[in-house]
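Asks: after the sequence you'll find the predicted model.
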Amino acid sequence: MPSPGPTATPGGPGPTGSMPLSAHEPDAATLARSAEQAAGELLAPPAPVRLADVVPAPQQVEPDPAGDWLLPPDAVIVASADPAALTVAAHLAELLRPATGYPLPVTDTTRPAAGGIALVLNDDDSLGAEGYRLAVTRAGVTITAATATGLFHGVQTLRQLLPPAIESPAPVTERWMLPGGTITDAPRFSYRGAMLDVARHFFDVEDVLRVVDHLARYKLNHLHLHLTDDQGWRIAVDSWPRLTTVGGATEVGGGPGGHYTKADYRRIVSYAAARHVTVIPEIDLPGHTNAALVAYPELAPDKVAPPPYTGTEVGFSYVDPADERTYDFIADVLGEIAALTPGPWLHIGGDEAFKVKGAVYTGFVERTQRIVADTGKTVVGWHQLAPAAHVDGRVLQWWGTNGEDPATLEAVRRGARLILSPGNHAYLDMKYDPDTPLGQDWAGLIDVRRAYDWDPGSHVTGVPDAAVLGVEAPLWTESVTSLAEIEFMLLPRLPAIAELGWSPRATHDWAAFRDRLAGHGPRWAAAGIAFHPAPDVPWPAAPPLPAPRAATESTPRRR
């Protein structure tokens, strides 16, 4: 149970968001500052952002137009005397300092100066492990939650309630007014994520960290890294070193490739954890393995090294399912990756292994699932794993385009849970429209409305809402070569998927969503984030950033 926060201490921040005053009479300077603050609030126009403008849509919103609060230059951020809460408070300060230029000191004292922001851990678990309550009054702001994760999500909401200029990396002149009222919020699904393919094109650690920031902004809590494929092996494995020195030296189009050292991977995992994002590594098996076979021909069915592959076709490579050396390899690789990964899941791929069929395929999957269990992790795989025997906790990631899927339904009946990533709604490598300079179209064109207008809880016929763990938006990178291109494909569709995963089904409304989403264009522009100016969103007058250049490689594929 979290340690008692300031609410448990006499004089601590109260449930309305008011900050405690000193037990002594205020001095003249304090009274003068208070008078100046009050006068400024009386003269200020209403907050430019409405309390209900948040993305994803909160569970409950109760506006109080009389409760607008102006962030003062001498504001203090006070947190419960708990290391995790103080870490969230420090993150909030880091978000607000660049644009405001305010010092925003962080403290765990129960008697801060009046008119600040309080992050309070309490023992009310009614909102679950990720929920929070945010109250804005004329006296200050209070975020309460049962966990630091809940506080962190509340901080992301507070960030959205400030004017868009809060995203500026340099100080700007602005009245930092927040709309008054209370937000009570918690997620619909426990799993909300995105996938980044770093195998087709390799992306540096800093690019991956930027993607983590985009996920955290919209309360997504899982980053799935597709680390291995035909074109490149991207994670160091000490017991099989040529996987990176040889297998990692290529990428689509013939570029230099690259890989993450174990230190690099730990940095990504640590950075994500500080933002309450869990990393899920994927080692794709038994197909999508050409890079591994180039490095270690002994794993190939014919024991001959294939040439490096820099194209975009699928389904031609596979490790030898009849050789014990293959399972030694799998055990070594998954064991080392599991030791680096504090999260509970290992993703083993399993898709498009067209040359490993029937009982040979299911036998391979069942043995690999047992290897995952031996590492202490829970197996995740693409829904092609469905015919294999069930193991405790197994999760299937469904990427189909037709909700009629008897094999997946049967796997669910045997105990599997689903992550929903329908290719024709959630695949962020699909083009927005025929003229999009990047991406594929094999699953159709996915504009923002198509990304938004579906229900994860009822999408696969016969699968009950309770069997759906959550949603994930994959970004495959055959045609994506830079951070700007990643952002262009993620935004503005990523917030749509985030809302499906977080918000109650009752809040689902395309017209309302697009209006709320439109207000994020100026935020992305202020932060220097590239995005697609989708014509179905009523962006404000300020023009968004231009689209990135077209990629040179854009070969369609089936996944």
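Replies: Received the coordinates, thanks.
Asks: since we're on Glu404, how many residues are nearby?
Replies: Taking other C-beta atoms under 10 Å as the criterion, the count of residues near Glu404 is 10. Just so you know, the C-beta spots here come from the backbone N, C-alpha and C atoms, and that holds for glycine as well.
Asks: any idea how far Ile446 is from it?
Replies: Glu404 sits 20 Å away from Ile446, taking C-beta to C-beta, to the nearest Å as the criterion.
Asks: now do Tyr327
Replies: 39 Å.
Asks: ok, the two, which is more surrounded?
Replies: Looking at Tyr327 and Ile446 with other C-beta under 10 Å, you find the greater number of neighbours at Ile446, namely 25 against 17.
Asks: which SSE is the more buried one in?
Replies: Ile446 belongs to no helix or strand when assigned by DSSP states H and E.
Asks: with Thr401 instead?
Replies: Secondary structure assignment for Thr401, by DSSP H and E: no helix or strand.
Asks: can you tell me the SS state at His224?
Replies: Following DSSP: H, G, I helix; E, B strand; the rest coil, the label given to His224 is strand.
Asks: state the number of residues packed around the closest residue to Leu104 other than its chain neighbours.
Replies: Closest residue to Leu104 apart from its sequence neighbours, by C-beta to C-beta, 6 or more residues apart in numbering: Ala93 at 4.5 Å. For Ala93, the count of nearby residues is 18 (other C-beta under 10 Å).
Asks: so Ala93 is in which element?
Replies: If you go by DSSP H and E, Ala93 is part of helix 83-100.
Asks: for that helix, name the packing helices and strands.
Replies: strand 77-79, strand 106-107, strand 117-121, helix 148-161 (3 or more C-beta pairs under 8 Å, 6 or more residues apart in numbering; DSSP states H and E).
Asks: what residues of that helix count as buried?
Replies: 84-89, 91-93, 95-96, 99-100 (16 or more other C-beta atoms under 10 Å).
Asks: same check, this time on stretch 171-178
Replies: Val172, Glu174, Trp176, Met177, Leu178.
Asks: list just the nearest of these to Val468.
Replies: Checking these against Val468 by C-beta to C-beta gives Leu178 as the nearest, at 34.4 Å.
Asks: check contacts around the closest one.
Replies: By C-beta atoms under 8 Å, 6 or more residues apart in numbering, the residues touching Leu178 are Ala47, Val49, Asp68, Trp69, Leu70, Leu71, Val136, Val141, Leu158, Leu161, Leu162.
Asks: let me see the confidence value for Thr7.
Replies: Per-residue pLDDT puts Thr7 at 33.
Asks: shaky segments in the stretch 301-450 of the chain?
Replies: The stretch 301-450 of the chain contains no residues with pLDDT under 70.
Asks: which stretches of it form strands?
Replies: Using DSSP state E, counting those that start in this stretch, the strands of the stretch 301-450 of the chain run over residues 345-349, 378-382, 395-398, 417-420.
Asks: could you say which of the helices and strands packed on helix 83-100 is packed most deeply?
Replies: Among the helices and strands packed on helix 83-100, strand 117-121 has the highest mean neighbour count (mean count of other C-beta atoms under 10 Å), at a mean of 29.
Asks: any idea which residue sits dead centre in the protein?
Replies: Leu215 (3.0 Å; C-alpha atoms, centre = their mean).
Asks: Provide the secondary structure category for it.
Replies: Following three-state DSSP, Leu215 is assigned to helix.
Asks: burial check on Leu340, number of neighbours?
Replies: Neighbour count of Leu340, defined by other C-beta under 10 Å: 16.
Asks: contacting residues around the residue lying closest to it once chain neighbours are set aside?
Replies: In this structure, Leu340 finds its nearest non-sequential neighbour in Tyr265, 5.6 Å apart by C-beta to C-beta, 6+ apart. Counting by C-beta under 8 Å, 6+ apart, Tyr265 makes contact with Ile235, Ala236, Pro281, Leu340.
Asks: send me the strand or helix carrying Tyr265 as PDB with only the CA atoms.
Replies: Element membership of Tyr265, judged by DSSP H and E, is helix 262-274. In PDB, the C-alpha atoms belonging to helix 262-274 read as follows (Å, rounded to 0.1, in the frame of the first residue of the first chain):
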ATOM      1  CA  LYS A 262      22.500  -4.600 -24.200                       C
ATOM      2  CA  ALA A 263      23.200  -1.200 -22.600                       C
ATOM      3  CA  ASP A 264      21.100   0.500 -25.400                       C
ATOM      4  CA  TYR A 265      18.200  -1.900 -24.700                       C
ATOM      5  CA  ARG A 266      18.400  -1.400 -21.000                       C
ATOM      6  CA  ARG A 267      18.300   2.400 -21.600                       C
ATOM      7  CA  ILE A 268      15.200   2.100 -23.700                       C
ATOM      8  CA  VAL A 269      13.500  -0.200 -21.000                       C
ATOM      9  CA  SER A 270      14.500   2.200 -18.200                       C
ATOM     10  CA  TYR A 271      13.300   5.300 -20.000                       C
ATOM     11  CA  ALA A 272      10.000   3.600 -20.800                       C
ATOM     12  CA  ALA A 273       9.500   2.400 -17.300                       C
ATOM     13  CA  ALA A 274      10.000   5.900 -15.900                       C
END
